[in-house]
Every structure is written in structure tokens, then in C-alpha cells.
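Undergrad: Need a 3D model of the following:
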Amino acid sequence: MKQIQGDVDLSNLYLKELPSILTNVSVTGNFSCSDNNLKSLDGAPSSVGLNFDCSSNPKLTSLTGAPSSVGRNFDCTNNNLTSLNGAPSSVGGNFYCGRNAANFTIEQVRAVCDVKGTIFV
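TA: Have a look, this model is predicted:
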């Protein structure tokens, strides 16, 4: 698997989709694709060493394509999510999922993801 050392910041670029070059890539630092017009997370890295932020994408309804593991925090707040399908299987820090179309519960998050930190709904 290819690895990107450091951070990748694709926030606030008016993106409608993520570049496919990131598929099957591991990012050692932070990854942000917040404040865009993403409809899906297809093309996101398969793992992120630190924080993953896909917040504030009003057309995002699913987490399909999200990394399978995030070393620290996972932030999917302020989207239009209706399910947690595709959420990472493990998050080493906190999981933020408030302000979405669905009002998720801590139990729903724990059912799909092993969160080591706090879950903020």
C-alpha cells in the first residue's frame, strides 16, 4: 500500500468528489475533506494515522468509502448522514457525528465502530 507522509488538506476546495489517486493509500498524519460539496467518500484513504475530518459536506448522506481505521479523531458532523454504514471499524480517539439528518445514538456508533475515546452525538 502506498503511504503519504504527513497531512492532506482538501478542505474548502468546492470538491464534488475526492481524487481517485488517494484510493488504497495510507495517510500518516491528518486528512481533511471538510467544507466541500462531496456526495460520497469514495476515494478517501484506506487508513489515516491521526485525524479524519469530513464535516460540513451538506450532500454527504453516507460514510461509504471512509477509512477503515483512524488513529485519533473521526469527525463527520454537520452533513446529511442518514446512516453510519461505511464508518471506520476502529477510531483511536473521539467520534463526532452530531448535526446530521439522523440523530445517531452512542449505541448506534458503538455497533459499527470500536471507539477508544468519547462519542459525541
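Undergrad: Where do the strands of this structure begin and end?
TA: Assigned by DSSP state E, the strands in the chain fall at 2-4, 8-9, 25-27, 31-32, 47-48, 52-53, 69-70, 74-75, 90-91, 95-96, 114-115, 119-120.
Undergrad: Identify the spatial nearest neighbour of residue 99, chain neighbours not counted.
TA: residue 78 (4.4 Å; C-beta to C-beta, 6 or more residues apart in numbering). Every C-beta, even on glycine, is put in place using the N, C-alpha and C of the backbone.
Undergrad: Number of residues surrounding the one you found?
TA: Other residues near residue 78 come to 19 when the count uses other C-beta atoms under 10 Å.
Undergrad: Kindly report the same for residue 8.
TA: 18.
Undergrad: Contacts only, for the closest residue to it other than its chain neighbours.
TA: Spatially, and ignoring its direct neighbours in sequence, residue 8 is nearest to residue 31 (4.9 Å; C-beta to C-beta, 6+ apart). Contact partners of residue 31, counting by C-beta atoms under 8 Å, 6 or more residues apart in numbering, are 7-8, 10, 44-45, 48, 51-53, 67.
Undergrad: about what we covered before: hang on, isn't the residue nearest to residue 99 packed against residue 55?
TA: Yes: applying C-beta atoms under 8 Å, one finds residue 78 in contact with residue 55, separated by 5.1 Å.
Undergrad: Show me where the chain has its helices.
TA: 106-112 (DSSP state H).
Undergrad: still on that earlier bit, contacting residues for the residue nearest to residue 99?
TA: Taking C-beta under 8 Å, 6+ apart, one finds 55-56, 58, 98-100 in contact with residue 78.
Undergrad: Just send those back as CSV, with pLDDT too.
TA: Below are the contacts of residue 78 laid out as CSV (pLDDT from 0 to 100):
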residue, pLDDT
55, 98
56, 98
58, 97
98, 98
99, 98
100, 98
